[in-house]
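>>> below are the sequence and a predicted model for it; my questions follow.
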Amino acid sequence: MNRRDFLRSASVISAGLVLPNPQATDPQLLDNLRRKIVAYYQDEVSPQTGLIADKTQPGSASSIAAVGMGLSVYTVAVERGIISRAEGVNKTLRILRFLHSSHQGPDPDATGYKGFYYHFLDMHTGRRAYQCEVSTIDTAIMMAGILTAANYFTAKNADAVVQRASAAAVPVVRHGATGGKVLAVAGERPLPVKDLRARFEAWLPAYMAAPA
């Protein structure tokens with residue numbers, strides 16, 4: 001079985017992403033997966049806070065890692081034309097405005113503490129859920145999503161969240177910026193986004209067709 005067939009029979013089915021056409025080409029397969037992934041980050045969202053559910057199980061709390069991944073997904077979805085820029089901006093701002101105004105402190109039901117965030121948050125109130133831990137790795141994943149959104153949409157709210165983290169000695173560094181077409185990093189030659197795609201995506205169909 002090659003990787004492409006394995007993806008069809010295992011990963012796609014286990015994730016509930018059933019292909020409408022079993023004879024779909026590689027580009028169709030990838031486009032369907034891409035759209036199904038984006039749909040999760042559109043559907044499993046709190047309209048109050050913008051927080052994203054950890055899983056589809058009813059009553060699931062939000063995971064701040066899911067929030068970070070969602071912020072990155074929105075930028076890709078806009079760039080790919082899956083959602084409008086207006087929708088991407090609105091979803092991103094809802095999250096960033098919540099995080100900017102969220103309560104940080106020693107309280108047992110705070111959203112975070114000294115620039116770090118609790119691993120799981122109530123979807124609607126944004127308060128700590130499951131008596132979970134303050135998570136360094138999940139805070140890092142969320143910050144990565146915040147920086148991605150800030151670079152793509154030039155969101156000022158993201159800067160405020162990053163400044164709060166930096167003030168608490170959480171190492172958050174913005175390495176570059178993109179307006180959607182070119183990635184610019186200080187001291188480096190600007191790199192067109194299309195070149196990044198060619199470098200990091202073109203190998204995937206051949207990889208998936210190779211023997212596992």
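Alright, I've got the coordinates. Numbering: from 1, shown residues only.

>>> show me where the chain has its helices.
Secondary structure of the chain (DSSP state H): helices at 3-6, 13-14, 26-43, 64-79, 85-101, 136-153, 156-167, 193-201, 203-209.

>>> can you pull the contacts of Arg85?
Val78 (C-beta atoms under 8 Å, 6 or more residues apart in numbering). Backbone N, C-alpha and C define where each C-beta goes, glycine included.

>>> shouldn't Tyr74 be in contact with Leu96?
No. Contact criterion C-beta atoms under 8 Å: Tyr74 and Leu96 do not qualify, at 11.2 Å.

>>> mind checking which of these two has more residues around it?
More crowded of Tyr74 and Leu96, by other C-beta atoms under 10 Å: Tyr74, with 28 against 23.

>>> how many residues are close by the nearest residue to Ala144 once chain neighbours are set aside?
Using C-beta to C-beta, 6 or more residues apart in numbering and skipping the chain neighbours, the partner closest in space to Ala144 is Gly68 (5.7 Å). Per other C-beta under 10 Å, the neighbour tally for Gly68 reads 25.

>>> give the contact list for Gly68.
Per C-beta under 8 Å, 6+ apart, neighbours of Gly68: 138, 141-146.

>>> what's the answer for Arg94, then?
Contacts of Arg94 (C-beta under 8 Å, 6+ apart): 49-50.

>>> now it: how far from Glu87?
Arg94 is 11 Å from Glu87, where distance means C-beta to C-beta, to the nearest Å.
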